[in-house]
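**Student:** below are the sequence and a predicted model; questions follow.
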Amino acid sequence: MKAFNTSLNKKGDDDYFNRLLSYFQLQFFEKIVQFKPIRNLVFLLKTAKHTYIMKGYHKNSRLRLQEAFTATLKKEGFLKTYLFLAPPVKEQLFFEGTYFGCIEYIAPNKTPFSFHTQKNRQEGIELLEHFHQITASFEYRYRTLLPKGHLKEKWRERLHIFSNNLPFLRYFMNEPFISEMISWADWSLMGMEKHGSFFRNEPFAILHGDVAHHNFLRDRKGSLHLIDFDLISIGPPSFDYLQYANRILPHIDWSFKKLASLKQIKKYLSEEAFLYALAYPADIFREWNRLIREKSYNDQAKLNQVLELSISQFYARKKFIDQLQELLK
C-alpha cells in the first residue's frame, strides 16, 4: 500500500488523510493499492484494476451539477475532457461533511502543458473556443443552475480588497508601483463601464472561469483536454479570453503584436471595451490578495513569485498599457 502524507489538505493533516483512506478502504469493493493527494480535496486513487481521481465537494448539489455538466459536454460533442464515473463502492461517498465524486483518470503526458510556447498557446485557445461553441448550444438549459458571469463587479471587489491591503503591501512594494497598479485598474473599470454594452450584447456561452495552464491537461497520446469546471458561469466568451490573455501576456513579453497573432483574441482588439479590460492587473491583485488572505507572505518562494509578477514585469506591462491608452485616446 502506498499512502502519502499531505500538507496540501486544508482540512488538516496526516490524521485526516489516514482517516479518509480508511473510509475509502471500507467503501470500495476493489482493493486500494495507491492513494495520494493532488491538491486540496483532490486525490489519486488506484485499485488493483482501475485508477480514479477522487474530488470532494462540500455540497451534494455541487457534485451533482459537475456530474451533469460533464455528461452534457460529452453528449453534445466536447470530448476533450473527463467524465464522472460510478465508482465500485457500497454507498455514496460522504466523509466528515464532504461528498466525493469519482472522476475518470486521464494519464498525463510526461511534458506538462504550459503557456511557454506559441504552439501550446494556440492549441489551448482553440480548445477553449471549441468549448464555447459547444456550450453556447445548451447554455439555456443551465440558466437556473449557474451564476451569471459578472466580471466588472468581480474586478471591483478585487480592487477593493487590494486597496484595503495597502498597509501590508507597503512592506513589500514601493508606493509608486502600488499607485500605478491602482490607476490601471481604475482606468480599466471606467472604460468597461462606459462601453459595457459590448459585453451585454455578445452571445452567451458557458464560461470556464479558470483558464490557468493547470486546467489544460495533455494526455499520454498528446491530445489536449480541458478540465476542472468548478468556476463555470454563463456570460460572454470574451470574459474567458480576457483571462486567457492575462495568463499568457507574461509569456509573450507583453507584446500586443504577439497577442494579436491569436485569431480568437484578434477579433476583439477592435472593441474598446475589450481593450480597456486588457489593462486590468487581474493577476497581480489576485495573487497579492491570496498571499495576504492565506498569510503566506512568510513563505519566501511564494513571495518571490508574486514580486516577480508585480515588479520584475512592471515596465513591460506599463509599456503594454501605455499602448492601450494611446489606442483609446
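**Tutor:** Received, thanks.

**Student:** give me the helix or strand of the chain that scores worst on average pLDDT.
**Tutor:** Least confident helix or strand of the chain, by mean pLDDT, DSSP states H and E, is strand 2-3 with a mean of 40.

**Student:** against Ser61, how distant is the residue nearest to the spatial centre of the chain?
**Tutor:** Nearest to the mean C-alpha position of the chain, counting by Cα atoms, centre = their mean, stands Asp210 at 2.2 Å. Going from Asp210 to Ser61 by Cβ to Cβ, to the nearest Å gives 20 Å. Using the backbone N, CA and C atoms, a C-beta is placed for each residue, glycine as well.

**Student:** show me where the protein dips below the pLDDT cut-off.
**Tutor:** For the chain, applying pLDDT under 70 flags the ranges 1-12.

**Student:** domains in it, as residue ranges please.
**Tutor:** Per automatic domain parsing, the domain ranges recorded for the chain read 2-104, 118-327.

**Student:** out of the ones you listed, flag the one nearest Thr111.
**Tutor:** domain 118-327 (7.1 Å; Cβ to Cβ).

**Student:** could you pull out the strands in the stretch 101-250 of the chain for me?
**Tutor:** 205-207, 216-218, 224-226, 233-235 (DSSP state E, counting those that start in this stretch).

**Student:** sheet partners, orientation included, of the third one?
**Tutor:** Read it as strand 224-226. If you go by DSSP bridges, strand 224-226 pairs up with strand 216-218 (antiparallel).

**Student:** so how far is Ala282 from the nearest residue to Leu262 once chain neighbours are set aside?
**Tutor:** Excluding its sequence neighbours, the residue lying closest to Leu262 (Cβ to Cβ, 6 or more residues apart in numbering) is Ile125, at 5.5 Å. According to Cβ to Cβ, Ile125 and Ala282 sit 17 Å apart.

**Student:** what do you get for Phe115?
**Tutor:** 15 Å.

**Student:** with Phe28 instead?
**Tutor:** Counting by Cβ to Cβ, the gap from Phe28 to Ala282 is 41 Å.
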